[in-house]
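Visitor: Please work out how this folds:
(one chain, ligands or ions: 1)
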Amino acid sequence: MTRKKHYLHKRNKRFNKLIKIYMMKKYLIISFLVAVVALVSCSDVKRTPGKVYMPDMAYSRAIESYTDLAYLKDQGIHFDAKPVAGTIARGKEMPFPYAMDKPGDSTNYVASKMVPNPIDSLSVKDAAEAERLYLINCGICHGAKLDGNGPLYKDGNGPYAAKPATLVGDIKYESMPAGQMFYSVAYGKNLMGSYASQLNKHQRWMIIKYIKDKQAAAKTTATAAK
Ligand code: HEC
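Guide: Next up is the predicted model:
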């Protein structure tokens, strides 16, 4: 090794050492700064509300349901998120015109006979849906055959004491107008409860049409057998 080379080698070594120390120091300084920032900023006391990136995506400016709309009133806007009284949503049935009778009164029950079923025929698909709804909600008492002898009654041996109406095979119910059936399903009748919360208006009318169709079919087969 020449003197010059030797010198250069030594210088390089020293230089490398310096760089190493410098790098280590750099990391030390950086970690020290990070630790200081973390310690200073970590606190459970919230001093500012913070910043929101794109606030109109986080907070909708549209009127949302279930929000407090009182602030609109303060601005002179009378908006209560309810449909205007007397209006009917497109594609929805007319409201049932009779309210529930007061106990002991049967004025509306009698008057409801005049309300026609808005559904005058069921498509194959709707008939299947009506049967499904009937079997879920009514069949347990009125029976899958609509004979008033569902599994809850079982000829009086079931847990349900009251005899459910024999919807097919009893002239009383075969001649009962659809509107009156609707009244009973909507508000309940004696021991039968209201089905207004389980079935919407359209579904109730569908089931009643299904019952009426079953009654008619049973009558035709009975006449044919004679
Ligand atoms: C928990 C048993 C039970 C269920 C479920 C039930 N009913 Fe009834 N239903 C009865 C009983 C009991 C009566 C007889 C009430 C009376 O006249 O005392 C009755 C009566 C009726 C009547 C005659 C009402 C009248 O005005 O005399 C109709 C129509 C009727 N039910 C339809 C339905 C339909 C449709 C469903 C399904 C949405 C249904 N029921 C579900 C027990 C039930």
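
Visitor: CA atoms for contacts and neighbours, from now on please.
Guide: Will do.

Visitor: Just give me the longest helix of this protein.
Guide: helix 3-41 (DSSP state H).

Visitor: Just the CA coordinates for the next helix or strand after that helix, please, in CSV.
Guide: For helix 3-41, the following helix or strand on the C-terminal side (DSSP states H and E) is helix 55-58. Extracted in CSV, the C-alpha atoms of helix 55-58 (Å, rounded to 0.1, in the frame of the first residue of the first chain):
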residue,chain,number,x,y,z
PRO,A,55,-67.8,18.4,5.7
ASP,A,56,-70.7,18.2,3.2
MET,A,57,-70.0,14.5,2.8
ALA,A,58,-70.0,13.9,6.6
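
Visitor: Can you name the residues of this structure that neighbour the ligand?
Guide: Within the chain, the positions near the ligand by Cα under 6 Å from any ligand atom are 134, 137-138, 140-141, 162-165, 181, 184-185, 189-192, 195, 207.

Visitor: Off-centre distance for the longest helix of the chain?
Guide: 65 Å (Cα atoms, centre = their mean, to the nearest Å).

Visitor: for Gln215, what are its contacts?
Guide: Gln215 sits next to 167-169, 174 when contact means Cα atoms under 8 Å, 6 or more residues apart in numbering.

Visitor: How about Cys141?
Guide: 148-153, 164.

Visitor: count of residues packed around the closest residue to Val115 other than its chain neighbours?
Guide: Closest residue to Val115 apart from its sequence neighbours, by Cα to Cα, 6 or more residues apart in numbering: Gly179 at 4.6 Å. Burial measure for Gly179: 22 neighbouring residues, criterion other Cα atoms under 10 Å.

Visitor: Can you find the helix or strand in this protein with the smallest mean pLDDT?
Guide: Sorting the helices and strands of the chain by mean pLDDT, DSSP states H and E puts helix 55-58 at the bottom, at a mean of 77.

Visitor: Now do that helix: everything it contacts.
Guide: Outside helix 55-58, no residue touches it (Cα under 8 Å, 6+ apart).

Visitor: That one: how far from the chain's middle?
Guide: 26 Å.

Visitor: right, and the helix or strand after that helix?
Guide: Criterion used, DSSP H and E; the element after helix 55-58 is helix 70-74.

Visitor: What is the helix or strand following that following helix packed up against?
Guide: Next along the chain after helix 70-74, taking DSSP H and E as the criterion, comes helix 107-111. The contact analysis (3 or more Cα pairs under 8 Å, 6 or more residues apart in numbering; DSSP states H and E) places helix 107-111 against helix 178-187.

Visitor: Please parse the chain into its domains.
Guide: Domain ranges of the chain: 1-38, 107-225, per automatic domain parsing.

Visitor: Could I get those in TSV, plus columns for distance to Thr48 and mean pLDDT?
Guide: Below are the domains of the chain laid out as TSV (distance: least, Cα to Cα, whole Å; pLDDT from 0 to 100):
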stretch	distance to Thr48	mean pLDDT
domain 1-38	17	87
domain 107-225	47	93
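
Visitor: Identify whichever of those lies nearest to Glu64.
Guide: Among the domains of the chain, domain 107-225 comes nearest to Glu64, with 24.3 Å by Cα to Cα.

Visitor: now the closest one: how far from the chain's centre is it?
Guide: On Cα atoms, centre = their mean, the centre of domain 107-225 falls 25 Å from that of its chain.

Visitor: rewinding a little: so what's the residue nearest to Val115 up against?
Guide: Counting by Cα under 8 Å, 6+ apart, Gly179 touches 112-117.
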